[in-house]
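Q: model the following, please.
(one chain, ligands or ions: 1)
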Amino acid sequence: MSGSIEVRGLSRTFHTTVRRPGFTGALRSLVQPERVAKDAVSDITFDVAPGELLALLGPNGAGKSTTIKMLTGILTPTSGEARVAGVVPYLERERNARNIGAVFGQRTQLWWDLPVRESFSILRDIYEIPKPEHAVRLREFDDLLELSTFWDTRVRHLSLGQRVRCDLAAALLHDPPVVFLDEPTIGMDVVVKEQVREFLRHQVEERGRTVLLTTHDMTEVERLAERVVLVNHGRLVLDGTLDEIKKRFGSTWQIRATLADPHAEAEALPGIALLRREGPKVVFGPDGPAAPTVHQALKRVIERYEVSDIALDEADLEDVMRAAYVQAEAPASRGGG
Ligand SMILES: Nc1ncnc2c1ncn2[C@@H]1O[C@H](COP(=O)(O)OP(=O)(O)OP(=O)(O)O)[C@@H](O)[C@H]1O
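A: Sure thing, here's the model as predicted:
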């Protein structure tokens, strides 16, 4: 089964009632409620290929969770269409549920009062997973996530990191081709975060699962995603690979090299300007729109020159994303590709 995600012109408007201020305002609101419309997601179009991990990024309130809720069948769109592994999620919720796993970092989908072991037995029955398969998968999850130490603990007594590791395993127990992760590592310590990232990489690279991930953690994006979609105010502002985005919005890198031969000639390379030279020390930087990424530039400099020392300064991903939001939304850059 193909685990693709197709999103076409997806929109969701929420209608809420606002309370007018003061006592008379409250009374008026009761008699004549004032309704306001909020476009949480507006006309979003993107695809995730089978076996790809895509990061859906954006500031608070950008519409990421609302998008995921439509793709998991929790919410119905106001307009537009979506298909997840060939299924329209909000029309065929049960069929969709068999094809997807979902983890919302802020809340658990396990049974609060039951030990972890029993939650997994219930899930085995719900998804009708044969016992041998269930055992094999649990072993794999235990190897990667170290669940057995808290196997008999009630879910309510698990630490946050333990609980999310159980939620991840539970979401994948029925072997779904598509996984939705809404801030899965929020609040975790660095060691557990790294363990979860390793697990996710394994799921994509070894198991071929398609993953749509939202996160505010740029290290996570850097470690896991090749492609990102940026949304802001419900609209898609950018869809591209991390390399493309870094190249377009993070072209502030510098490479500082010390030439092994202090008298060697140094010159600009394609897309790479020679910014300064002081004896054996040369500084290179990006040259115009055709400049390579910092990693490609580093490779070219090392291939061209024999260096005794090399260092690089680059804009970190937070800076790149900030620049991307600002520039991609500026009217002058619209339609600029
Ligand atoms: N059920 C709802 N009723 C009314 N408004 C809603 C509802 N759910 C979300 N919204 C609004 O829609 C907008 C998008 O919210 P959403 O939760 O999708 O953002 P998000 O990108 O996931 O944010 P965060 O990073 O903070 O989780 C926000 O302005 C939010 O207040």
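Q: for the rest of this, base every contact and every neighbour count on C-alpha atoms.
A: Will do.
Q: tell me the secondary structure for the closest residue to R223 other than its chain neighbours?
A: Take R223 and drop its neighbours on the chain: the residue closest to it by Cα to Cα, 6 or more residues apart in numbering is R197, 7.7 Å away. What DSSP: H, G, I helix; E, B strand; the rest coil gives for R197 is helix.
Q: which residues are in contact with R197?
A: Each residue near R197 by Cα atoms under 8 Å, 6 or more residues apart in numbering is listed here: 220, 223-224.
Q: using JSON lines, lay out these together with neighbour count and secondary structure.
A: JSON lines is the format used below for these (neighbours: other Cα atoms under 10 Å; DSSP: H, G, I helix; E, B strand; the rest coil):
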{"residue": "E220", "neighbour count": "17", "secondary structure": "helix"}
{"residue": "R223", "neighbour count": "12", "secondary structure": "helix"}
{"residue": "L224", "neighbour count": "18", "secondary structure": "helix"}
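Q: tell me the secondary structure at R35.
A: Per three-state DSSP, R35 ends up strand.
Q: and the strand or helix carrying S308, how far out from the chain's middle?
A: Assessed by DSSP states H and E, S308 sits inside strand 307-313. For strand 307-313, the separation from the chain centroid amounts to 32 Å (computed by Cα atoms, centre = their mean, to the nearest Å).
Q: just checking, what packs against that strand?
A: The contact analysis (3 or more Cα pairs under 8 Å, 6 or more residues apart in numbering; DSSP states H and E) places strand 307-313 against strand 254-259.
Q: picking up where we left off before, name the nearest of the contacts of R197 relative to Q327.
A: Checking those against Q327 by Cα to Cα gives E220 as the nearest, at 23.1 Å.
Q: run through the strands of the stretch 201-337 of the chain in chain order.
A: If DSSP state E, counting those that start in this stretch is used as the criterion, the strands of the stretch 201-337 of the chain fall at 210-214, 227-232, 235-241, 254-259, 272-278, 281-286, 307-313.
Q: CSV for the ones you listed, including mean pLDDT?
A: Shown next, in CSV, are those (pLDDT from 0 to 100):
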stretch, mean pLDDT
strand 210-214, 96
strand 227-232, 94
strand 235-241, 93
strand 254-259, 92
strand 272-278, 89
strand 281-286, 89
strand 307-313, 90
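Q: show me what contacts the residue in the stretch 101-250 of the chain that the ligand sits nearest to?
A: Nearest to the ligand, among the residues of the stretch 101-250 of the chain, is G234, at 6.7 Å (Cα to the nearest ligand atom). Applying Cα under 8 Å, 6+ apart to G234 gives the contacts 39-42, 44, 62-64.
Q: tell me the SS of the residue nearest the centre of the chain?
A: Centrality entry for the chain: nearest residue to the mean C-alpha point is A55, 2.5 Å, by Cα atoms, centre = their mean. Three-state assignment for A55 (three-state DSSP): strand.
Q: and it, how far from P184?
A: Note on A55: its distance to P184, by Cα to Cα, to the nearest Å, is 12 Å.
Q: who touches both of those two?
A: Residues touching both A55 and P184 by Cα under 8 Å, 6+ apart: 214-215.
Q: how about the residues of the chain by the ligand?
A: Selection of the chain residues close to the ligand by Cα under 6 Å from any ligand atom yields 14, 16, 40, 58-66.
Q: mind listing residues that contact the helix or strand bottoming out on mean pLDDT in the chain?
A: Using mean pLDDT, DSSP states H and E, the weakest-scoring helix or strand in the chain turns out to be helix 317-329, at a mean of 77. Applying Cα under 8 Å, 6+ apart, the contact partners of helix 317-329 are 218, 222, 230, 232, 237-238, 245-246, 249-250, 333-334.
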